[in-house]
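> Turn this into a model:
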Amino acid sequence: MKKEYIVPAPDIGYAKIDDLIVVYSLKNENYCIFNETATFIWECLVNGITDPEEIATNLANSFDCSIETALNDVNEFINELIEKKLVLENN
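Next up, the predicted model:
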């Protein structure tokens, strides 16, 4: 079974400013500014693309990198999001 992730809308606010995303945690009052790659991954999650392999495929196609590199970036970023409680794991 593949792991999937959801964005916890009740506790998170976010806005796109130019090409970057700013995410604000209403619960702990912290915020993060995402770079272009992180913004791409976040937008996939918000738009319902929650399978890391599918996100990595889209990332590799959009940024002209290998699937392996993209999957590593996706998994690393999602793990950071989980640690910061910006997404919840949904198995």
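
> May I ask which helix or strand encompasses the spatially closest residue to Ala15 that is not a sequence neighbour?
Take Ala15 and drop its neighbours on the chain: the residue closest to it by Cβ to Cβ, 6 or more residues apart in numbering is Val22, 5.4 Å away. Bear in mind the C-beta positions are built from the backbone N, C-alpha and C, glycine included. Using DSSP states H and E, Val22 maps to strand 20-25.

> Only the buried residues of that strand, if you could.
Neighbour counts over strand 20-25 (16 or more other Cβ atoms under 10 Å) mark Ile21, Val23, Tyr24, Ser25 as buried.

> of all the residues you listed, which two lie farthest apart?
For the buried residues of strand 20-25, the farthest-apart pair by Cβ to Cβ is Ile21 and Ser25; their separation is 13.4 Å.

> circling back to that earlier point, what is the residue nearest to Ala15 paired to in the beta sheet?
Ala15, Ile33 (DSSP bridges).

> What ranges in this structure fall below the confidence cut-off?
1-3, 8-9, 91 (pLDDT under 70).

> mind listing the helices for it?
Assigned by DSSP state H, the helices in the chain fall at 36-46, 52-63, 67-83.

> Using CSV, list the CA coordinates for the first one.
What that stands for is helix 36-46. Extracted C-alpha coordinates of helix 36-46, given in CSV (Å, rounded to 0.1, in the frame of the first residue of the first chain):
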residue,chain,number,x,y,z
GLU,A,36,10.1,26.8,-6.2
THR,A,37,10.4,23.0,-5.7
ALA,A,38,8.6,22.9,-2.4
THR,A,39,5.9,25.2,-3.8
PHE,A,40,5.4,22.7,-6.7
ILE,A,41,5.1,19.8,-4.2
TRP,A,42,2.7,21.8,-1.9
GLU,A,43,0.5,22.7,-4.8
CYS,A,44,0.3,19.0,-5.8
LEU,A,45,-0.8,18.1,-2.3
VAL,A,46,-3.4,20.9,-2.1
